[in-house]
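Asker: Model the following, please.
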Amino acid sequence: MLKVRDTTLNAQIEKTKLVEVAAAVLQRPDGSFLLAQRPADKIWAGYWEFPGGKIEPGETPYHALVRELREELGITVTTAYPWLTRVFTYPHATVRLNFFRATAWSGELHPHEGQEFSWQRPLSLALSPEWERGQVGGSVSPVLPANAPILRALSLPNLYAISNVQELGEEEFMRRLEAALRKGLRLAQLREKNYSREALRELALKMLPLMRQHDARLLINADIALAQEIGADGVQLTATQLAELRERPAVEWCAASCHNAEELRRAEELGCNFALLSPVLATQSHPGAPHLGWENFAAIAAGSSIPVYALGGLTHDDMQTAWEHGAHGIALLRQAW
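Answerer: Next comes the predicted model:
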């Protein structure tokens, strides 16, 4: 009997099969990153993506990354940090993209597959519905849809500063805020538990013009309504809010304070843009309290689809260690100022 191949069934099986991929965000010191255009002989031809490829049996994501970039671009990666993991279902397959931020490599970029390259700066990509779908405009349109959230994540800086007005006093804090902004600070959270709502509002309204002047973002801790009222850039949800909320607040940037894997998964489910994971080390305010340590931090952050900042007992010197353990960057309170 002649056997007829069921192409519909095969397509469904292929779609549900998880394809493991290693992808590289090649970053230069100025923050720009590389996008490559898929060649004409491949599926999704003409779309832009982060370079990389399938992980072969027996390979780790990192070793697959090194091999793929050598084969595709002719370079040898020497420094790459684990970053985000994104699962996306295309019409033809479901892929799990294991993203690394690669900051050092040897050799000159060469299009071994005839693809085009384009160096992009994160802040040059407009935040719009089209952008979110990967239609960024200009010479790099369209971007593969699985990569659109990655572009947004790349606009986040490595340092997230948390206010410390209680110890510094308002006048001194504002002076130090301005100095930090001049040195490159681009993301801050207003968190002052001892302030009344009105006092917090007044302080936020003093901070906002200064933040805008330096193209920096201000998030308000916990108070969603206040963030919306004054036009802040977003809100930092507490762990309690994270557990109680059923939908993401209507703000541009939504972050969450997490302390374990369950809370981090919940932040992803809610649609948060990034998370804080703490405490990594012993803190000045709670010197004897339990803390995660770097290995536990790495285990919890591994596989996260949103950027994770390390918080708790850290200094500027811990940035490299944070990257090595899968963090997007670090969050600082006293050390930030």
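
Asker: and the residue nearest to residue 300 when sequence neighbours are not counted, how many neighbours does it have?
Answerer: Nearest residue to residue 300 in three dimensions, chain neighbours excluded: residue 261, at 4.8 Å (C-beta to C-beta, 6 or more residues apart in numbering). (Glycine included, C-beta is placed from N, CA and C.) Per other C-beta atoms under 10 Å, the neighbour tally for residue 261 reads 16.

Asker: what does residue 174 give?
Answerer: By other C-beta under 10 Å, neighbour count at residue 174 equals 16.

Asker: for residue 213, same thing?
Answerer: By other C-beta under 10 Å, neighbour count at residue 213 equals 11.

Asker: cool, and residue 79?
Answerer: Neighbour number of residue 79 under other C-beta under 10 Å is 12.

Asker: unless I'm mixing things up, it is touching residue 100, no?
Answerer: No - the criterion here is C-beta atoms under 8 Å, and residue 79 misses it with residue 100 at 9.7 Å.

Asker: Same question for stretch 300-309: list its buried residues.
Answerer: 300-301, 303-309 (16 or more other C-beta atoms under 10 Å).

Asker: Start and end of it, how far apart?
Answerer: 12 Å (C-alpha to C-alpha, to the nearest Å).

Asker: So which residues make contact with it?
Answerer: Residues outside stretch 300-309 that contact it (C-beta atoms under 8 Å, 6 or more residues apart in numbering): 82-87, 149, 153, 156, 160, 258, 260-261, 264, 267-268, 272-277, 292, 325-331.

Asker: circling back: could you measure from the residue nearest to residue 300 over to residue 83?
Answerer: Counting by C-beta to C-beta, to the nearest Å, the separation of residue 261 from residue 83 is 17 Å.

Asker: same check, this time on residue 28
Answerer: 16 Å.

Asker: Out of the two, name the residue with the larger neighbour count.
Answerer: residue 83 (24 against 11).

Asker: For residue 95, what are phi and psi?
Answerer: In terms of degrees, to the nearest 10, the main-chain angles of residue 95 are phi -120, psi 150.

Asker: Can you tell me the number of residues neighbouring it?
Answerer: Neighbour tally, residue 95, other C-beta under 10 Å: 20.

Asker: Residue 332 now?
Answerer: 22.

Asker: isn't it right next to residue 314, touching?
Answerer: Yes - in this structure, residue 332 is within contact of residue 314 by C-beta under 8 Å, at 6.3 Å.

Asker: mind listing the helices for the stretch 51-200 of the chain?
Answerer: 61-73, 129-132, 148-153, 165-168, 170-182, 197-213 (DSSP state H, counting those that start in this stretch).

Asker: If you could redo that for the stretch 201-337 of the chain, that was the one I meant.
Answerer: 224-230, 239-244, 261-270, 293-301, 319-324.

Asker: Buried residues in the second one, which are they?
Answerer: Spelled out, it's helix 239-244. 239, 241-242.

Asker: try the fourth one
Answerer: Along helix 293-301, these residues count as buried under the neighbour rule (16+ other C-beta under 10 Å): 294, 297-298, 300-301.

Asker: Please export the C-alpha coordinates of stretch 231-246 as CSV.
Answerer: Output of stretch 231-246 as CSV, limited to C-alpha atoms (Å, rounded to 0.1, in the frame of the first residue of the first chain):
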residue,chain,number,x,y,z
GLY,A,231,4.6,61.0,34.3
ALA,A,232,7.5,59.0,35.8
ASP,A,233,9.0,56.4,33.5
GLY,A,234,7.7,53.5,35.4
VAL,A,235,7.2,51.6,38.7
GLN,A,236,9.2,49.2,40.8
LEU,A,237,6.8,46.6,42.2
THR,A,238,7.3,45.1,45.6
ALA,A,239,7.2,41.3,46.1
THR,A,240,3.8,41.7,47.7
GLN,A,241,2.4,43.6,44.7
LEU,A,242,4.0,41.1,42.4
ALA,A,243,2.0,38.3,44.1
GLU,A,244,-1.3,40.3,44.2
LEU,A,245,-1.4,41.9,40.8
ARG,A,246,-3.3,40.1,38.0
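
Asker: Many thanks, have a good one.
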